[in-house]
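# Give the three-dimensional model of this entry:
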Amino acid sequence: MSSSTISTSDIIRKNISAITESQREDIEARTVSDRIADTITSFSGSVTFVLVHVIWFALWILLNVGFIRVPGLSGFDPFPLVVGRQCVAATPFRHLVCK
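Numbering: from 1, shown residues only. The predicted structure is shown next:
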């Protein structure tokens, strides 16, 4: 090998630098709506979001079927809609699977 030959490690370092610079430029070029969308997307695909959903809909269902009694609040949603809420409660799991 001659001394003018570029080593593999030099090529790798150069490519990594180019990719890093490209990513930095992409991040700086994001609009406000892109940043908001990224924030919403990262939260809605998180385990925290899943836990909040599970707790929320569990309370919703327990209030409506009468396991938890709160005067003026229990039974506010008729039975068929409670079943629909259970389907909606599974939505966050789709985000985790599709990640």
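# hey, let's count contacts and neighbours off CA atoms from now on
Fine.
# Who are the contact partners of residue 23?
If you count contacts by CA atoms under 8 Å, 6 or more residues apart in numbering, residue 23 has none.
# any idea how far it is from residue 29?
10 Å (CA to CA, to the nearest Å).
# Quickly list the domain ranges of this structure.
Using automatic domain parsing, the domain ranges for the chain come out as 8-44, 45-99.
# how about CSV for the ones you listed, with mean pLDDT added?
What follows is the domains of the chain, written out as CSV (pLDDT from 0 to 100):
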stretch, mean pLDDT
domain 8-44, 93
domain 45-99, 72
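# And the contacts of stretch 69-78?
Applying CA under 8 Å, 6+ apart, the set of residues contacting stretch 69-78 is 63-66, 68.
# name the helices or strands packed onto the helix or strand where residue 33 lies?
Using DSSP states H and E, the element containing residue 33 is helix 32-44. Counting contacts by 3 or more CA pairs under 8 Å, 6 or more residues apart in numbering; DSSP states H and E, helix 32-44 packs against no other helix or strand.
# Could you give me the buried positions within the helix or strand just after it?
Sequence-wise, the next helix or strand downstream of helix 32-44 (DSSP H and E) is helix 47-65. Buried positions in helix 47-65, judged by neighbour count with 16 or more other CA atoms under 10 Å: 50, 53-54, 57, 60-61, 63-65.
# and the angle from helix 47-65 to helix 32-44?
Counting by axes from the mean of the first three to the mean of the last three CA atoms, to 10 degrees, helix 47-65 points 70 degrees away from the direction of helix 32-44.
# can I get the CA coordinates of helix 47-65 in CSV?
Extracted as CSV, the C-alpha positions of helix 47-65 are listed here (Å, rounded to 0.1, in the frame of the first residue of the first chain):
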residue,chain,number,x,y,z
VAL,A,47,-45.0,3.9,28.0
THR,A,48,-46.1,6.9,30.1
PHE,A,49,-48.8,7.6,27.5
VAL,A,50,-49.9,4.0,27.7
LEU,A,51,-50.1,4.1,31.5
VAL,A,52,-52.1,7.3,31.4
HIS,A,53,-54.5,5.8,28.9
VAL,A,54,-54.9,2.6,30.9
ILE,A,55,-55.6,4.5,34.1
TRP,A,56,-57.9,7.0,32.5
PHE,A,57,-60.1,4.4,30.8
ALA,A,58,-60.1,2.0,33.8
LEU,A,59,-61.5,4.9,35.9
TRP,A,60,-64.0,5.7,33.1
ILE,A,61,-65.2,2.1,33.0
LEU,A,62,-65.2,1.6,36.8
LEU,A,63,-67.3,4.8,37.3
ASN,A,64,-69.8,3.8,34.6
VAL,A,65,-70.4,0.3,35.7
